[in-house]
Each structure stands twice: as C-alpha cells, then as structure tokens.
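Novice: Everything below, folded, please.
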Amino acid sequence: MKRIVIHWTAGTHKPSAMDRKHYHHIVSGDGEVVDGNLPVAANESTDGGYVAHTRGLNTGSIGVSFAAMHGANERPFSAGKYPITEAQVKAMTQLVFDLSERYDIPITPETILTHAEVEPNLGVKQRGKWDVNWLPGMDQAGNARAVGDLLRQKVRDLHQSQLLPTPPEPVHWLVAILRSLFGGKK
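Specialist: Numbering: from 1, shown residues only. A predicted model of the protein is given here:
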C-alpha cells in the first residue's frame with residue numbers, strides 16, 4: 001500500500017452499512033474502530049472488488065474515516081450534530097500509526113493525508129471534498145493542510161514514543177533495596 005487517506009463519513013457517530021462499504025476502517029464517536037466490509041488487501045489492485053473512497057486513488061490506498069459530521073456546513077462553518085470527537089482523534093491517530101507501521105507507509109503529506117488534501121497535495125481532482133479540514137478545538141474549518149499537518153504530527157509523536165525505551169521504575173526501588181541490605185529505616 002502507498003498511502004492512507006483520512007475521511008469523515010458525513011454521517012452519525014455510528015458507522016452505517018454504507019460506511020463499511022466505502023472505508024477499510026471507521027472510527028465511531030466513542031473511539032471504537034469498526035472494520036469495513038473489505039480488507040486493505042482489496043485495494044492492492046483494481047482486480048475484483050475494492051473499497052471506493054477516494055476518486056482516482058483507490059488502488060494502493062487505505063481508506064479510513066471518522067464516523068461524524070452529519071449536517072456539517074463548510075461556509076458558514078458548522079460541525080453539525082455529530083462533530084468529530086476527541087476520542088475519535090485519539091483512536092484515528094493510533095489506527096493510522098498502526099497501518100503506517102504494518103504497511104511501511106512513511107509519514108508525509110503525500111502518503112498520509114486527509115481527503116481535502118488529495119487535490120492540492122497529489123493533483124488528483126476531488127470535486128470539492130473538504131473532509132477533513134476541521135478537528136475538535138478549532139473554531140472553523142478551512143485549512144486542510146493545517147489539519148493534515150496536525151494529524152501527521154500526532155502520528156509522528158506516537159511513533160517517537162514507541163521508539164523511546166521504557167523508563168526505569170522510580171528510584172524508590174533502589175532505596176528500598178539499599179535499606180533492606182543495610183538495615184535502614186523505612
């Protein structure tokens with residue numbers, strides 16, 4: 001696989017049967033990851049069935065989505081009744097990290113991107129798609145690159161935390177051992 005494209009379903013916080021048809025994985029409003037109908041391998045080639053999530057880029061692409069944003073409006077901005085939740089952002093970060101590790105996908109604006117970034121980053125027309133150009137904590141939508149950069153940074157941070165060695169237990173364990181050896185007070 002070459003890339004991961006992050007979407008929103010424009011539905012409720014619960015993945016629908018249609019959502020499962022169009023994405024490999026969907027993150028529900030509470031952060032649960034729900035598998036789509038077809039595995040990632042279905043998009044390795046155009047032979048047979050595949051998950052159609054990004055116009056002109058389905059082959060070689062993993063489609064993941066937030067189950068959210070039903071009734072959203074870009075201008076004037078409204079996230080609708082089902083905005084993306086913090087739990088979803090956390091779960092999506094972990095999902096994208098796991099997929100990027102499993103499929104050896106580097107963390108770049110051309111390989112891990114939102115649907116709204118596809119046209120400007122890759123030059124593939126997307127007919128005005130604006131998902132995902134808003135996240136919780138933002139006042140308004142509009143800057144797809146900033147949202148993509150933020151999501152990529154969250155994935156990088158998770159990657160970096162996986163590379164760091166686990167810190168040792170606090171020093172109190174050493175003090176306890178020394179006290180037991182030399183008879184000190186507790």
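Novice: Give me the pLDDT value at the residue nearest to residue 77 when sequence neighbours are not counted.
Specialist: Leaving aside its sequence neighbours, residue 77 sits nearest to residue 140 (CB to CB, 6 or more residues apart in numbering; 4.1 Å). From N, CA and C alone the C-beta is placed, and that goes for glycine too. pLDDT for residue 140: 80.
Novice: ok, now residue 161?
Specialist: Taking residue 161 on its own, its pLDDT is 85.
Novice: can I assume it sits in a strand?
Specialist: No - counting by DSSP: H, G, I helix; E, B strand; the rest coil, residue 161 is located in no strand; its state is helix.
Novice: Now do it against residue 153, distance only.
Specialist: Distance, residue 161 to residue 153, using CB to CB, to the nearest Å: 13 Å.
Novice: of the two, who's got more company?
Specialist: residue 153 (12 against 9; other CB atoms under 10 Å).
Novice: How far off centre is the helix or strand containing the more buried one?
Specialist: In this structure, residue 153 sits in helix 144-163 according to DSSP states H and E. Averaging C-alpha positions (CA atoms, centre = their mean, to the nearest Å) puts helix 144-163 9 Å from its chain's average.
Novice: What is the burial count for the closest residue to residue 74 other than its chain neighbours?
Specialist: Once flanking residues are discounted, residue 74 sits nearest to residue 130: 5.1 Å by CB to CB, 6+ apart. By other CB under 10 Å, 18 other residues sit near residue 130.
Novice: Can you find the helix or strand of the protein with the lowest average pLDDT?
Specialist: Least confident element among the helices and strands of the chain, by mean pLDDT, DSSP states H and E: helix 172-182 (a mean of 64).
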